[in-house]
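A.B. asks: Requesting a structural model of the entry that follows:
(one chain, ligands or ions: 1)
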Amino acid sequence: MHLPKATIILSLRTYSLLMLIMSEVLWCLLMLCACVWWWCSAPRRTRKLLAALPSFPQLPLLGNIHQIPRNSINLFQFLEKIAVTCDTTEMPFVFWLGPRPILFISDPEDVKGVNNAFIEKPHYYSFAKVWLGNGLVVAPPEIWKNSIKKLSGTFTPSIVEGYQEVFAGRAADLVQRLKARTTEEPFDIMHDLAYTTLEAICQTAFGFPKISESIVTKEYYDAFHRCLELLIRRGLNPLLHLDFMYRLTPASKELQKCVGILHNVSNTVITKLIQERECAKQDNRNEIVPNRRRFKSFLDLMLEMQVSTPELSVEQIRSEVDTVLFGGHETVATTLFYALLMIGRDKNLQDKLYNEVRDVVGDGGRPVTGADLPRLRYCEATVLETLRLFPPFPAVLRMADKDLQLSSGKCVVPRGTVCAVSAMVMGRARRLWGPDAAEYRPERWLAPPHAQPAAFLAFSYGRRACIGKNYAMAILKTVLASCVRELEFTAEQAELQLKLDVVLRPASGHLLQVKTRNLK
Ligand code: HEM
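C.D. replies: Down below sits the predicted model:
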């Protein structure tokens, strides 16, 4: 018997529709079961202990899930709203993911308590494991404790001092590149800044003189940015927090691809340095470090450690190299951008900075030296003020692995709570920085006493704080001083729209106008 073609098509359509409805129903049932399990597994005590804290309006069972920001611009606005709430209520703030809280700490004393008591990071950090392995930023506590013992001394002031010539050299190259780009129109300066910081990291932390041509490619740069975007998108979608769900998505495949590009670079860096060290050994060259560098790089130090600690695997070394690339280049480049933007909006600030640089370094083109850095006080204040208002990592997270009574007495942090310690929340608080907290005013750093140390959290605080702080301050001051000495920056006054792609970024690009300075 032959069915008419139209009937076959119709029944096929009905069949697919039925299958679609059934799979949707099954999906909803699965989600419902997951929600019930999730609710039942969360301790009731946690809800009770934090119930009285300020929060956004909640839905039954879901809490604040419906208010999870949809994209990286919303995420920034969300954090801004929390900053205002914490400042006005002077209380910690709680965001409920169903029955599970994310607790925003709002008091500097409490920051000290939380950061020193908890070294575990919540599950969200593991999203970056595919990229950063068990490197310092994402490592679980046991591995972190072991690694930090070896690595805490790798960016000490005396080691960083040895990098100064490289910093000054890269700053001079940047000035030349920017001189060639002076136009009437603003342009996106970020690639030039990121190139400079990436090249500096490769030459100092990895001791690689010539890698820059092949490492700082557009492909690398794009892959780096795409990884950050994909990670934040995953973070904003609770369904994708489950590894098995995420693995099914095209985004997961794209992340793997981008990470492959980044790992190629770190693998090249390590392999080349190992080869150079081998050659130096075979030639019986008695160099402490290859290529007649005057300093030992972070990677030299790790390869040396590997000799005395064979359990330090090449894979772990690669993870630390990726971590330093991740933590060290974009953070410094964005800070430079915001500093140039802010002085570009205020000629008075730029003139003050220029006058100081001219007095300390002169305008004859000599490189900024290590001895100049402590004397560049206004330059340092500019960097710190930039980091206060535009911290590259606006918040870090910790997992409470035990109960903790906050020293402000405002609540007990129950075990299992995710604590958010936010440089943006603290850095913009009027109660900590005064009524002009929203104003960009480097002078506030020149006249102590300013706010308590744990109110300035750009480099985090206490255990698991940034180990690259000395490095970052030295390169930031060197590059900023070198740029201002020879160039003038102008930025439009329009409202700055920010977004949070792990790192704080301007939504409309990094636009600045640059002119060569007329030296009198
Ligand atoms: C303006 C520049 C920088 C800022 C604002 C910054 C900020 C931070 C913050 C907030 C953390 C804590 C992350 C967390 O707990 O989740 C961190 C960790 C870290 N940073 Fe930086 N950083 C900067 C530059 C650098 C540089 C230049 C390097 C290396 C050369 C570096 C290496 C690291 C490492 C290895 C960690 C992990 C430390 C640990 O977990 O023990 N950072 N940084």
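A.B. asks: Could you pull out the strands in the stretch 1-150 of the chain for me?
C.D. replies: Secondary structure of the stretch 1-150 of the chain (DSSP state E, counting those that start in this stretch): strands at 93-97, 100-105.
A.B. asks: which one of those is the most hemmed in?
C.D. replies: strand 100-105 (a mean of 24; mean count of other C-beta atoms under 10 Å). (C-beta placed from N, C-alpha, C; glycine too.)
A.B. asks: who's in contact with it?
C.D. replies: For strand 100-105, contacts defined as C-beta atoms under 8 Å, 6 or more residues apart in numbering pick out 38, 42, 46-47, 50, 53, 82, 86, 92-95, 111, 114, 397, 406, 413, 416-422, 425.
A.B. asks: Run me through the strand neighbours of it, direction for each.
C.D. replies: If you go by DSSP bridges, strand 100-105 pairs up with strand 93-97 (antiparallel), strand 418-422 (parallel).
A.B. asks: circling back to that earlier point, mind putting the strands of the stretch 1-150 of the chain into a markdown table with distance to the ligand?
C.D. replies: Below are the strands of the stretch 1-150 of the chain laid out as a markdown table (distance: least, C-beta to the nearest ligand atom, whole Å):
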| stretch | distance to the ligand |
| --- | --- |
| strand 93-97 | 18 |
| strand 100-105 | 13 |
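A.B. asks: Show me where the stretch 151-300 of the chain dips below the pLDDT cut-off.
C.D. replies: 209-216, 284-294 (pLDDT under 70).
A.B. asks: what does it put close to the ligand?
C.D. replies: Applying C-beta under 6 Å from any ligand atom, one finds that the stretch 151-300 of the chain approaches the ligand through Phe155, Ala205.
A.B. asks: Which residues does stretch 380-394 contact?
C.D. replies: Here stretch 380-394 makes contact (C-beta under 8 Å, 6+ apart) with 76, 79, 330-331, 334-335, 338-339, 342-343, 349, 353, 422-424, 427-428, 433, 438, 440-446, 456-460, 473, 476-477, 480, 498, 500, 502-504.
A.B. asks: hmm, it in reach of the ligand?
C.D. replies: Yes - using C-beta under 6 Å from any ligand atom, we find that stretch 380-394 touches the ligand at Pro392, Phe393.
A.B. asks: cool, stretch 330-343 as well?
C.D. replies: Yes - judged by C-beta under 6 Å from any ligand atom, stretch 330-343 and the ligand are in contact via Thr331, Val332, Thr335.
A.B. asks: Take that stretch, keep the C-alpha atoms, and write them as CSV.
C.D. replies: Provided in CSV are the C-alpha atoms of stretch 330-343 (Å, rounded to 0.1, in the frame of the first residue of the first chain):
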residue,chain,number,x,y,z
GLU,A,330,46.2,42.3,30.4
THR,A,331,46.0,43.7,34.0
VAL,A,332,49.0,46.0,33.5
ALA,A,333,47.8,47.0,30.0
THR,A,334,44.3,47.9,31.1
THR,A,335,45.7,49.8,34.1
LEU,A,336,47.9,51.8,31.7
PHE,A,337,44.9,52.5,29.5
TYR,A,338,42.7,53.8,32.4
ALA,A,339,45.6,56.0,33.7
LEU,A,340,46.1,57.5,30.2
LEU,A,341,42.3,57.9,29.9
MET,A,342,42.0,59.8,33.2
ILE,A,343,44.9,62.1,32.6
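A.B. asks: which residues touch Ala437?
C.D. replies: Counting by C-beta under 8 Å, 6+ apart, Ala437 touches Arg428, Ala429, Arg430.
A.B. asks: can you give me the strands in the stretch 251-400 of the chain?
C.D. replies: Per DSSP E, counting those that start in this stretch, the stretch 251-400 of the chain carries strands over the ranges 395-399.
A.B. asks: Let me know how buried the residue of the stretch 351-500 of the chain found nearest the ligand is, in neighbour terms.
C.D. replies: Per C-beta to the nearest ligand atom, Gly468 is where the stretch 351-500 of the chain lies closest to the ligand, at 2.1 Å. Using other C-beta atoms under 10 Å, the number of residues around Gly468 comes to 21.
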